[in-house]
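S.K.: what shape does this take:
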Amino acid sequence: MFTTGNHLFMYAAIGLFAASFLLYILKSRAAGFFLLAAGFVVYSLYLAGRGWIAGVFLPNPVVEGPYLLPWALACIAIIAAAMRDERRGLILLPLLIFSAGAIFYARGIIPPTPNKLTPWATAFFITEVFAHALFYTGAMRAALFLAAEDSIETFHNYLVWGFVFYSVAQVTGAVWCYLGWGNTFQWGPRHMSSASIWLIYAAFLHLRFIPGWSGRRRAWFAVAASAVVLGLTWSSYLHEMTFPRIGG
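M.R.: Predicted structure coming up:
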């Protein structure tokens, strides 16, 4: 694959995302959307190329969290644009932040073991990363709500969809765990982190039924919850940076 190991594709895509954000700030939204779509295509090619790093196609490097997260955020930004969301361009802000994480993340791939070469593992990582992207987007929209620049329904809806994706991730992850290790849950840091995040957002969805939890308090909860997601997931990613890698 021509993109194998060629990180210039990632840099070019991130440059297009940055230019799209600048055009959004300058209120040139049509041109900004064109650059966003172009960046999405280029980044998609880069992810496809990562799948060939080992010489044969493997989905594991394609769905690795730090690299897939910018793609998921770009996808959400494009969907928001298609739905004529007036604040869609601001989704590019977390996109650029997490793209910086991809730039400095470890190259190559962790050699996959047989229990990781299952479609259930791929499904787990895709749904988990999309949930994270929706949680971060929802937190950003909650911050806009606190600044009286957005509605409560907007950030709430993003977090509802994030919870749906994360719930699917828990199911696919449990199936993968059963097939690979013989049980559906392990009392390790990774599984405990996932369970904690799920419980936090399950609690968020119930706050609207509790007297005294106004829209502003729920918005602050959403922002704080995203900080928990950031800390738990990136502590895992940084730990994985110490693993031996091949290619890249």
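S.K.: list phi and psi for residue 246.
M.R.: When read as degrees, to the nearest 10, the backbone of residue 246 gives phi -120, psi 150.
S.K.: that one touches residue 109, doesn't it?
M.R.: Yes - using Cβ atoms under 8 Å as the test, residue 246 is close enough to residue 109 to be in contact (6.2 Å). Quick note: C-beta positions are derived from backbone N, CA and C, even for glycine.
S.K.: let me see the ranges of the helices in the chain.
M.R.: 8-25, 29-50, 65-82, 92-104, 119-146, 152-181, 189-207, 215-240 (DSSP state H).
S.K.: which one of these lies nearest to residue 56?
M.R.: Closest to residue 56 of these is helix 29-50 (Cβ to Cβ; 12.8 Å).
S.K.: which one is residue 207 nearest to, not counting chain neighbours?
M.R.: residue 213 (4.4 Å; Cβ to Cβ, 6 or more residues apart in numbering).
S.K.: you'd agree the one you found is up against residue 204?
M.R.: No - the pair residue 213 and residue 204 fails to qualify as a contact (Cβ under 8 Å) at a distance of 9.7 Å.
S.K.: one step back: common neighbours of residue 246 and residue 109, please.
M.R.: The contact sets of residue 246 and residue 109 overlap at 53, 54 (Cβ atoms under 8 Å, 6 or more residues apart in numbering).
S.K.: okay, those two: which has more neighbours?
M.R.: Taking neighbours as other Cβ atoms under 10 Å, residue 246 and residue 109 compare with residue 109 leading, 20 against 13.
S.K.: and the gap between that one and residue 59?
M.R.: Going from residue 109 to residue 59 by Cβ to Cβ, to the nearest Å gives 11 Å.
S.K.: tell me, what's touching these two both at once?
M.R.: Residues touching both residue 109 and residue 59 (Cβ under 8 Å, 6+ apart): there are none.
S.K.: for the chain, which spans come out with low pLDDT?
M.R.: 1-5, 248 (pLDDT under 70).
S.K.: who's sitting farthest from the centroid in it?
M.R.: Centroid-distance maximum for the chain: residue 211 at 32.2 Å, with Cα atoms, centre = their mean.
S.K.: residue 36 contacts residue 18, doesn't it?
M.R.: No - counting by Cβ under 8 Å, residue 36 does not reach residue 18; the two are 10.6 Å apart.
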